[in-house]
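model the following, please.
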Amino acid sequence: MSSRVKVAMVFPALTTVTCLSAADPCESETCSRRVTASSLALTRLPFDTSGLTVRQFGVEPLVAALPADDALAARSRLHVRELAGRPRFRLPAGTDARWRAYWLAAEEDTPGPVVASVEECLHAVVWDGVTGILPAGAARRHARPGLAFVPVDGHPPSRLVLARRADAPDPLVDAVAAALADAHASADPLVGVHPVVPVAHPAAVAGAEASRPA
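Predicted coordinates for the structure are as follows:
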């Protein structure tokens with residue numbers, strides 16, 4: 001469902017506010033040039049915020065995406081330093097430099113395949129044996145055979161923000177932004193934004209399921 005439809009479900013009379021949902025960390029064009037083309041964007045820092053008004057409304061912890069048979073996949077947590085020296089999925093050249101460096105979380109010359117979507121990231125993990133960091137929600141949205149998601153320490157959590165052009169103030173856009181932030185706080189499912197919760201390790205989930213009464 002598009003972001004415009006999601007907003008319209010809450011504000012059916014709003015037809016002039018164009019909303020961009022650009023919270024996919026592997027979306028190579030997620031940066032200020034896309035935000036400025038929309039009335040309002042739900043996205044993540046960091047990126048070049050020149051000319052934008054940005055309102056942070058949440059943070060999300062990170063997970064490492066690993067092949068399921070990797071030695072680190074059975075860990076309950078790991079530090080980002082433990083991923084050093086491993087190939088990473090990488091965003092294309094020309095992507096916002098801050099965004100690219102944050103999601104790489106490694107030296108710029110770290111080898112690895114270039115990707116442009118979360119699906120491409122996960123394909124690289126399963127088939128090429130690379131690793132990388134993603135928002136914790138990926139463990140819920142993209143769980144599948146061959147993949148493991150392990151919580152990561154030592155790297156700043158992902159900051160969820162609402163952004164709009166600073167040179168075009170609009171009370172209608174501000175009202176939508178305020179409503180989205182309120183919906184996030186109350187976990188209103190209509191806008192597709194949910195409270196950030198710690199990701200559970202797969203082993204813990206399996207143990208909880210096994211102990212659940214029949």
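
okay, strands next: where are they in the protein?
In the chain, the strands defined using DSSP state E lie at 19-22, 40-45, 52-60, 62-67, 78-79, 132-135, 147-153, 158-165.

okay, angle between the longest helix along the chain and strand 52-60 too, please.
The longest helix of the chain (DSSP state H) is helix 171-186. Following axes from the mean of the first three to the mean of the last three C-alpha atoms, to 10 degrees, one obtains 10 degrees for the angle between helix 171-186 and strand 52-60.

now for helix 171-186, which elements pack on it?
Secondary-structure packing of helix 171-186 (3 or more C-beta pairs under 8 Å, 6 or more residues apart in numbering; DSSP states H and E): helix 3-10, strand 40-45, strand 52-60, strand 158-165. The way it works is simple: take the backbone N, C-alpha and C, and place the C-beta from them, glycine included.

any chance of those in a markdown table, with mean neighbour count and mean pLDDT too?
Formatted as a markdown table, those follow (neighbours: other C-beta atoms under 10 Å; pLDDT from 0 to 100):
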| stretch | mean neighbour count | mean pLDDT |
| --- | --- | --- |
| helix 3-10 | 16 | 37 |
| strand 40-45 | 24 | 82 |
| strand 52-60 | 17 | 85 |
| strand 158-165 | 22 | 85 |
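
Serialize the ones you listed to TSV and add fields for distance to residue 91.
Output for the helices and strands packed on helix 171-186, formatted as TSV (distance: least, C-beta to C-beta, whole Å):
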stretch	distance to residue 91
helix 3-10	22
strand 40-45	13
strand 52-60	18
strand 158-165	15
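
to residue 149, which of those lies closest?
With C-beta to C-beta as the measure, strand 52-60 is the member of the helices and strands packed on helix 171-186 nearest residue 149 (12.9 Å).
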